[in-house]
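1. Got a predicted structure plus its sequence, pasted below:
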Amino acid sequence: MAQEIRAGLSREARAAVTADNTARVMGSGCLDVFATPAMCCLMEKAASELMDSLLEEGSTSVGISLSVAHSAATPVGMQVRALAEITGVEGRKVSFKVTAFDEAGEIGSGTHERFIVFKEKFQQKADSKLGR
């Protein structure tokens, strides 16, 4: 059975900064530092995993908005963690505060929204664009 989705619930996701998630490799810049797209992905991962732990089987959530500032660079070799905390629930829309940290402190923050969907119905709708 699904748990109550409510403000205050949170989840963390972690990643090591490697050559694979640098701005240079991901195409978002030319430096060997943790890429902004990688930070965004880690923030969404934390929110997505939290939602998946709360939803009934057959349901999931999809990201519908993300607004973040990437405020500090993180070099290869450091660890990064992202925290997603539910700040509001309006029907099937869930809002989050997202924050990312490296071992030296905060590196980014912002807001994220996800929408609860039925997996099969959502996938069928997306696949219909292919004429299936």
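-> Cool, the structure landed.

2. The longest strand along the chain - contacts with which helices or strands?
-> Determined from DSSP state E, the single longest strand within the chain is strand 105-118. With contacts defined as 3 or more C-beta pairs under 8 Å, 6 or more residues apart in numbering; DSSP states H and E, strand 105-118 has these neighbours: helix 36-54, strand 59-70, strand 79-90, strand 93-102. (Each C-beta comes from the backbone N, C-alpha and C, glycine too.)

3. mean confidence for the first one?
-> Mean pLDDT, computed over helix 36-54, is 98.

4. Run the chain-centre distance for it.
-> Relative to its parent chain, helix 36-54 has a centroid offset of 2 Å by C-alpha atoms, centre = their mean, to the nearest Å.

5. Which residues does that helix contact?
-> Identification of contacts with helix 36-54 by C-beta atoms under 8 Å, 6 or more residues apart in numbering yields 2-5, 9-15, 21-23, 26, 28-29, 60-61, 63, 66, 68, 70, 80-84, 86, 94, 96, 98-100, 107-108, 110, 112, 114, 116.

6. Can I get that helix in PDB, CA atoms only?
-> Output of helix 36-54 as PDB, limited to C-alpha atoms (Å, rounded to 0.1, in the frame of the first residue of the first chain):
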ATOM      1  CA  THR A  36      25.400  21.100 -14.200                       C
ATOM      2  CA  PRO A  37      23.400  18.500 -16.100                       C
ATOM      3  CA  ALA A  38      24.900  15.800 -13.800                       C
ATOM      4  CA  MET A  39      23.900  17.800 -10.700                       C
ATOM      5  CA  CYS A  40      20.300  18.300 -12.100                       C
ATOM      6  CA  CYS A  41      20.100  14.500 -12.800                       C
ATOM      7  CA  LEU A  42      21.200  13.700  -9.200                       C
ATOM      8  CA  MET A  43      18.600  16.100  -7.800                       C
ATOM      9  CA  GLU A  44      15.900  14.500 -10.000                       C
ATOM     10  CA  LYS A  45      17.100  11.000  -9.000                       C
ATOM     11  CA  ALA A  46      16.700  11.800  -5.300                       C
ATOM     12  CA  ALA A  47      13.100  13.100  -5.900                       C
ATOM     13  CA  SER A  48      12.200  10.200  -8.200                       C
ATOM     14  CA  GLU A  49      13.500   7.600  -5.800                       C
ATOM     15  CA  LEU A  50      11.500   9.200  -3.000                       C
ATOM     16  CA  MET A  51       8.400   9.200  -5.000                       C
ATOM     17  CA  ASP A  52       8.900   5.600  -6.100                       C
ATOM     18  CA  SER A  53       9.200   4.500  -2.500                       C
ATOM     19  CA  LEU A  54       5.800   6.200  -1.700                       C
END
